[in-house]
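Chemist: sequence plus the predicted model coming up.
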Amino acid sequence: MNNIFAVVLAAGQGTRMKSKLYKVLHPVCGKPMVEHVVDNIRTIDVKRIVTIVGHGAEMVKEYLGDKSEYVLQAEQLGTGHAVQQAEALLGSLEGTTLVVCGDTPLIRPETLQSLYEFHQQHNAKATILTAVADNPFGYGRIIRNALGQVEQIVEQKDASEEQKFVKEINTGTYCFDNKALFEALKQVKNDNAQGEFYLPDVIEILKQQGEIVTAYATDDFDEILGVNDRVALSQAEEIMRSRINEKHMRNGVTIINPLNTHISIEAVIGRDTIIKPGVVIEGNTIIGEDCIIGPNTQITDSRIGDRTTVTNSVVSTSTVGEDTAIGPFAHLRPESSLGNHVKIGNFVEVKKSTLGNDTKVSHLSYIGDAEVGNDVNIGCGSITVNYDGKNKHKTIIEDNVFVGCNSNLVAPVKIGAGSFIAAGSTITKEVPEDALAIARARQENKLDYAKKLK
Ligand code: UD1
Ligand code: CA
């Protein structure tokens, strides 16, 4: 059994991004590029993954956590120098090492697997993943000899006019015999246009030693896009987005307009759910079957039960039951939890509250820091007054309560089961079970007085 190791290059600055955020942390479909790369590698049977970090090292480590080991490349002297930093960890081991750049988030696990198998079959010391690009500008070119064998890789900035016509490019992904890699790296020099130690130079070194060097060409150029600037970032986003949307459609989800539907890579969506235009589904969101989501809806890190509809609304870090209707124009803020058959109507905001089954908040309300039972009806314009300027307080509304329109429930307060709050009340004291609470000025009618005012 051959050991497979992986080295992920993620120390470069990413100057061309013109960003405060470190390049490999720029998200594609909501996930940092380098995390896509590491997650893809993790799906194949690798023994160890070593990520080379430099700029933004602490942040990269924080994102990837224990998915990888780390080595610091304190000064970024080139991709060859970067890989060399892993020598202390990997140098002495027998096996095969995959090297992948942290800025190529679209390479599929299947391709890495095929690259590895191709490398094994050819008994090669090095195998380059290559592709043919319509516009090869910026990439290293694969230079082959008269027999079609790979001789070397020449960087854009070092290429002769003739070499610049070559359309076969280096994707920045390779498979190496581990020991041969670290031996060859010792011979890499920085006498090139950029004054850097290039990893691709290892190819020429091995070739000159008479070792077998091969290239595995993928026919899917989309896959190997290297993200160096924001234009490429948007292209990567587009490609990843359509891959994700296609996966859901093939699984039985209707997406009315995939071009403007953005679904995170982790999201799970049940069959026969319909996603209308303008929907953004982020993070670890799970949506049930037969739901209707959208149009123009954003759902983040939330769980939505079967047959629920969410229309023109925003749902964040919340749980929603089955057969529930949200929106249009509702906002569920974090830590909200709704039961089944709930209705949250237009211009309703719910924050850090639980609502039981069959409860309805249909129009223009704010429910914050509240525990609301089953079968509660909250009338139009009613709010929980949860904040006194310093602290947040809790409102408890038990089962079967009817809150009349435009009521203020001044927290902390408890509204007992089965009670009824008269419209326009400002409730400051506990309401006992089954009571009618009226807390508003009494109306007085002065007969014929209006005529005097005119
Ligand atoms: C590199 C390849 C090029 C290939 C292209 C594919 C080299 C010299 N060139 O060019 O042949 O066609 O990728 O996308 O390898 N990095 C470090 N430490 C460093 C320098 C870079 O960790 O000192 C990391 C970067 O963070 C990045 C990756 O290595 O993730 C590639 O570096 P980048 O500068 O983007 O190389 P390219 O110019 O794109
Ligand atoms: Ca790059």
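Modeler: Nice, I can see it. Residues are numbered from 1 along each chain as shown. Ligands and ions are numbered 1, 2, ... in the order given.
Chemist: elements contacting the host helix or strand of residue 117?
Modeler: Residue 117 belongs to helix 109-121 when assigned by DSSP states H and E. With contacts defined as 3 or more CB pairs under 8 Å, 6 or more residues apart in numbering; DSSP states H and E, the packing partners of helix 109-121 are helix 33-42, strand 96-101, strand 126-132, strand 168-177, strand 213-218. No exception for glycine: its C-beta is placed from N, CA and C like everyone else's.
Chemist: looking at these, which is nearest to residue 375?
Modeler: For the helices and strands packed on helix 109-121, distance to residue 375 was read as CB to CB. The smallest value, 44.3 Å, belongs to helix 33-42.
Chemist: ok, and for the closest one, which residues are buried?
Modeler: By neighbour count on 16 or more other CB atoms under 10 Å, the buried set for helix 33-42 is 33-41.
Chemist: all helices of the stretch 301-450 of the chain, in order?
Modeler: With DSSP state H, counting those that start in this stretch as the criterion, the stretch 301-450 of the chain has helices at 449-453.
Chemist: closest residue of it to ligand 2?
Modeler: Among all residues of the stretch 301-450 of the chain, residue 301 sits closest to ligand 2, at 30.6 Å; criterion: CB to the ion.
Chemist: how about that residue, what does it touch?
Modeler: Neighbour list for residue 301: 282-285, 316-317 [criterion: CB atoms under 8 Å, 6 or more residues apart in numbering].
Chemist: of the residues you listed, closest to residue 6?
Modeler: Closest to residue 6 out of those is residue 284 (25.0 Å), distances taken as CB to CB.
Chemist: list the helices and strands the host helix or strand of residue 53 packs on?
Modeler: Residue 53 is located in strand 48-53, with elements delineated by DSSP H and E. When contacts are defined as 3+ CB pairs under 8 Å, 6+ apart, strand 48-53 sits against strand 4-10, helix 33-42, helix 57-64, strand 69-72, helix 87-90.
Chemist: quick one: the fourth one near ligand 1?
Modeler: Going back to what we said before, that points to strand 69-72. No: for strand 69-72, no contact with ligand 1 is found by CB under 6 Å from any ligand atom; the gap never falls below 10.1 Å.
Chemist: would TSV of the contacts of residue 301 with pLDDT be doable?
Modeler: Formatted as TSV, the contacts of residue 301 follow (pLDDT from 0 to 100):
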residue	pLDDT
282	97
283	96
284	97
285	98
316	98
317	98
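Chemist: show me which of those are buried.
Modeler: Buried residues within the contacts of residue 301, counting neighbours by 16+ other CB under 10 Å: 282-283, 285, 316-317.
Chemist: please flag which of those sit within strands.
Modeler: 282, 316 (DSSP state E).
Chemist: ok, back up a step: how about the contacts of residue 301 in a markdown table, adding distance to residue 221?
Modeler: Below are the contacts of residue 301 laid out as a markdown table (distance: CB to CB, whole Å):
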| residue | distance to residue 221 |
| --- | --- |
| 282 | 28 |
| 283 | 30 |
| 284 | 31 |
| 285 | 31 |
| 316 | 37 |
| 317 | 38 |
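Chemist: which residues of this structure lie near ligand 2?
Modeler: Within reach of ligand 2 by CB under 5 Å from the ion, the chain has these residues: 103, 226, 228.
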